[in-house]
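> next input, structure requested:
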Amino acid sequence: MPLPERLRKLAGFLGESEAALLSQFSGAFHMPVLAEVKAPPKPTETLPARIIHEFQCLPVEADSVPFEVKDDTIALAAAWPPQPQWDAWVFAATGKRARWCLASGETLNQLITQKFGVGADSLDGSGLEDLAEEKQEDEQDENAAIIRFVNEIVERAVADRATDIHFEPGRDILNIRYRIDGELVPIRVPDNLVAYQGAIISRIKIMAKLNISERRRPQDGRITFSKGVEEIDIRVSTLPTMYGESVSLRLLSQKTQPLTMEELGFLEEDMQLILPSLHRPHGIILVTGPTGSGKSTSLTAFIRKIRRPELRIITVEDPVEYEVPGVNQTQVHAEIGLTFAATLRTILRQDPDVIMVGEVRDRETADIAIRASLTGHLVLSTLHTNDAPGALTRLTDMEIEPFLIASSVELILAQRLVRRLCPFCAAPADYELGYLTSCLVALELDVAHVSEGSALKKSVGCKHCRHLGYRGRVGIFEILRVTEDIHDLIIRRASARDIRKRALQFGMTTLQGSGWKQAVRGFTSLNEIMEFANILEEQKEDNAS
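Below is the predicted model of the structure:
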């Protein structure tokens, strides 16, 4: 229905004049009503014709409105209070913010007829040549712009080495953030696209083959995104929030080569502890740490280290992050009953030599993994604990018998990832002796290490690292070998604290100590290690309370 007719019908229904209705609109929307509309001689030089026809609005001269018109604004008169998308279209077409006035629909109709030669009763498009086609073109242009925007966001994330992309809707805003080297980095969204956040989210859901009409329940999907010859496997997760759906994308490059143990940051003394256990024909090696600490990456590096033709290696992962030639890799599908435990039972009938289980999540999986290690298989897996000794008590909490744990677990590796100094801009650090001493005390290390402080480097920032001073990440590790002394403590159901004390007596390197060594190697900064140590201290206080 044309806007002038809509206005007349509403006025008639309310029993009021059109002028009285405009006056009420003016008070409700804080928009002035123009008694006289002064349009420029050629309105289309200011505003595209299709917007004038579609919204039935006209640009007006600056001297005819009761407010100041600046260089970045445009004065427009409409017969109806504007909708939010009108502002977005005006800004997209002119690059200016719209300042609205109200005017008589009949007056606007007459002016548009004078300027364009079209009757007021055909402003919906029935009398405008090709208006339907133009509207369809508008929708196509809008869709194309949204498609390009989403593609550019993913391409830029890949170029910046981001592991995750988060689309987070708020009140009249769409926040987009990348996770780069473990840190969240905000990405600016163009102002003219904020109004289309629903369309942007829908585009992602279409790419992931999700139900775009379902906005009340979480959904999970998958996108295969091609960037040149590289294919990116994207895991998509949606979550309903107050202002729309929050969407998280996990980026996994199918061409990315898994890292070696040396590239992950393992020291020579670390390798001497780990390799003997890796070459054993049976037993369990556990890697612990929180989500995102690189546990699966370390397990893949272990498999690459021991892989050889005479070994049959089978993995069950969620998801398969790295492809390793010569290894049989399986992905769990809980929705069809293909869980870690169910897959592990089947793997045991496949005559494996080495089994990698992505995560020990429950008692059933832990029980099968331990029994597999006792029957002549080397089992590699991960567990969510803060440190290495905590993995032993966690297995006990899963109601696994202590004698089974002591007999099967060979080695536990706790790890974290800290930011790696940018090799292009890292500079020597000049710390005072007193500060270095206090840092070593806080790290629970011998102050004799203060002599190594001259090798420390600091972050600076350059174009290669986005002026962050860091580029990539490096691992820090705490390695616990199950010796005879540790074996006896496990049998006696000793606490993680007692096991830790005994392991430290026999030379176990802590996460803080490993971090100091990485800083001395020039791989990370002392500030990064101190921030990590503060987090560990807070976790200890939380556990104690």
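
> so what pLDDT did residue 190 get?
Here the pLDDT value assigned to residue 190 is 69.

> let the chain start at 5 from now.
Sure, I'll start counting at 5 from here, so that last one is residue 194.

> distance check, residue 268 against residue 323.
20 Å (Cβ to Cβ, to the nearest Å). C-betas here are computed from N, CA, C, even on glycine.

> look at these two and report which has more neighbours.
residue 268 (20 against 13; other Cβ atoms under 10 Å).

> list the residues that contact the closest residue to residue 94 other than its chain neighbours.
Distances taken as Cβ to Cβ, 6 or more residues apart in numbering place residue 102 nearest to residue 94, at 4.4 Å, with adjacent residues excluded. Residues in contact with residue 102 (Cβ atoms under 8 Å, 6 or more residues apart in numbering) are 77, 78, 80, 86, 90, 91, 94, 95.

> if you set the cut-off to 6 Å instead, what comes out?
Residues near residue 102 by Cβ atoms under 6 Å, 6 or more residues apart in numbering: 78, 80, 91, 94.

> which SS state does it fall under?
strand (DSSP: H, G, I helix; E, B strand; the rest coil).

> can you check the pLDDT for it?
With respect to pLDDT, residue 102 has a value of 88.

> bridging residues for it?
Bridge pairing for residue 102 (DSSP bridges) gives the partners residue 78.

> which residues in the stretch 205-354 of the chain form helices?
Here the stretch 205-354 of the chain has its helices, by DSSP state H, counting those that start in this stretch, at 265-268, 272-282, 299-310, 344-351.

> among those helices, which is nearest residue 371?
Evaluated over the helices of the stretch 205-354 of the chain, closeness to residue 371 peaks at helix 344-351, with 8.6 Å, by Cβ to Cβ.

> what residues sit buried inside that closest one?
Across helix 344-351, burial judged by 16 or more other Cβ atoms under 10 Å covers 344, 345, 346, 347, 348, 351.

> give me the neighbour count for the closest residue to the fifth one other than its chain neighbours.
Distances taken as Cβ to Cβ, 6+ apart put residue 372 closest to residue 348, at 4.9 Å, once the chain neighbours are dropped. The tally of other residues near residue 372 (other Cβ under 10 Å) stands at 22.

> what kind of secondary structure is residue 372 in?
Going by three-state DSSP: residue 372 is helix.

> I'd say it and residue 347 touch.
No. Judged on Cβ atoms under 6 Å, residue 372 makes no contact with residue 347 at a distance of 9.9 Å.

> thought residue 482 was touching residue 418?
Yes. Residue 482 lies in contact with residue 418 (Cβ under 6 Å); the separation is 4.1 Å.

> tell me, what's touching those two both at once?
residue 392.

> so what's residue 408 up against?
residue 374.

> that one belongs to a helix?
Yes. According to three-state DSSP, residue 408 belongs to a helix.

> per-residue pLDDT, it?
93.

> and residue 314, by the same measure?
So residue 314 comes in at 91 (pLDDT).

> gap between it and residue 356?
13 Å.

> compare those two (neighbour count), which wins?
Legend: neighbour count by other Cβ under 10 Å for residue 314 and residue 356, higher for residue 356 (19 against 5).

> distance of that one from residue 296?
28 Å.

> just residue 457 next, same as before
From residue 457 over to residue 296 (counting by Cβ to Cβ), the distance is 30 Å.

> now swap in residue 189 and tell me
Using Cβ to Cβ, residue 189 is found at 15 Å from residue 296.

> could you do residue 34 as well?
Counting by Cβ to Cβ, the gap from residue 34 to residue 296 is 48 Å.

> which one's more surrounded, those two?
residue 296 (12 against 8).

> for residue 478, see how far away the more buried one is.
14 Å.

> kindly report the same for residue 493.
From residue 493 to residue 478 the distance is 32 Å (Cβ to Cβ).

> which residues of the stretch 355-504 of the chain fall in helices?
367-378, 392-401, 406-412, 437-446, 488-495, 500-509.

> mind listing what's buried in the third one?
The neighbour-count check on helix 406-412 (16+ other Cβ under 10 Å) flags 406, 408, 409, 410, 411, 412 as buried.

> can you add distance to residue 532 and give the residues you listed back as CSV?
As requested, the buried residues of helix 406-412 are exported to CSV (distance: Cβ to Cβ, whole Å):
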residue, distance to residue 532
406, 38
408, 39
409, 34
410, 36
411, 39
412, 36
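
> any idea which of the residues you listed is closest to residue 272?
Distances from residue 272 to those, taken as Cβ to Cβ, are shortest for residue 412 (27.7 Å).

> and the nearest residue to residue 93 once chain neighbours are set aside, which of the three is it?
In space, and not counting its chain neighbours, residue 93 is closest to residue 55: 5.8 Å by Cβ to Cβ, 6+ apart. Of the three states, residue 55 takes helix under three-state DSSP.

> got any ranges where the stretch 205-354 of the chain has weak pLDDT?
232-233, 258-262 (pLDDT under 70).

> and residue 77, how many neighbours?
Residue 77, neighbours per other Cβ under 10 Å, totals 15.

> contacts only, for it.
100, 101, 103.

> make JSON lines out of these and add neighbour count and distance to residue 168.
JSON lines is the format used below for the contacts of residue 77 (neighbours: other Cβ atoms under 10 Å; distance: Cβ to Cβ, whole Å):
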{"residue": "100", "neighbour count": "18", "distance to residue 168": "36"}
{"residue": "101", "neighbour count": "13", "distance to residue 168": "34"}
{"residue": "103", "neighbour count": "18", "distance to residue 168": "40"}
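
> between these, which sits nearest residue 529?
Out of those, the member with the shortest distance to residue 529 (by Cβ to Cβ) is residue 101, at 44.4 Å.

> ok, residue 503 - contacts?
Taking Cβ under 6 Å, 6+ apart as the test, what residue 503 contacts is 393, 493.

> what about 8 Å?
Residue 503 neighbours (Cβ under 8 Å, 6+ apart): 393, 396, 397, 484, 490, 493, 494.

> how about the nearest residue to the last one, chain neighbours excluded?
With Cβ to Cβ, 6+ apart as the criterion, residue 494 has its nearest non-adjacent residue at 4.2 Å, and that residue is residue 410.

> what subset of the contacts of residue 102 is buried?
78, 80, 91, 94.

> mind listing which of these are in helices?
Those of the buried ones among the contacts of residue 102 mapping onto helices are 91, 94, per DSSP state H.

> will you turn the buried ones among the contacts of residue 102 into a markdown table that also has distance to residue 209?
Converted to a markdown table, the buried ones among the contacts of residue 102 look like this (distance: Cβ to Cβ, whole Å):
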| residue | distance to residue 209 |
| --- | --- |
| 78 | 35 |
| 80 | 34 |
| 91 | 26 |
| 94 | 28 |
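
> tell me, how many residues neighbour the residue lying closest to residue 323 once chain neighbours are set aside?
The spatially closest residue to residue 323, leaving aside those adjacent along the chain, is residue 335, at 5.6 Å (Cβ to Cβ, 6+ apart). As a burial measure, residue 335 scores 13 neighbours (other Cβ under 10 Å).

> residue contacts, residue 335?
320, 321, 322, 323, 324.

> tell me how many other residues crowd the second one.
Other residues within reach of residue 321, judged by other Cβ under 10 Å, total 20.

> do I have it right that it meets residue 334?
Yes. Counting by Cβ atoms under 8 Å, residue 334 is a contact partner of residue 321 at 7.2 Å.

> what average pLDDT does the host helix or strand of residue 537 get?
Applying DSSP states H and E as the criterion places residue 537 in helix 530-548. Averaging pLDDT along helix 530-548 gives 78.

> contact partners for residue 469?
426, 428, 429, 475.

> looks like the first one contacts residue 468 (just checking).
Yes. With contacts defined as Cβ under 8 Å, residue 426 counts as touching residue 468 at a distance of 6.0 Å.

> any chance you could map the helices in the stretch 55-204 of the chain?
88-98, 109-120, 135-163, 201-211.

> can you tell me the closest non-neighbouring residue to residue 355?
Nearest non-adjacent residue to residue 355 (Cβ to Cβ, 6+ apart): residue 316, at 6.3 Å.
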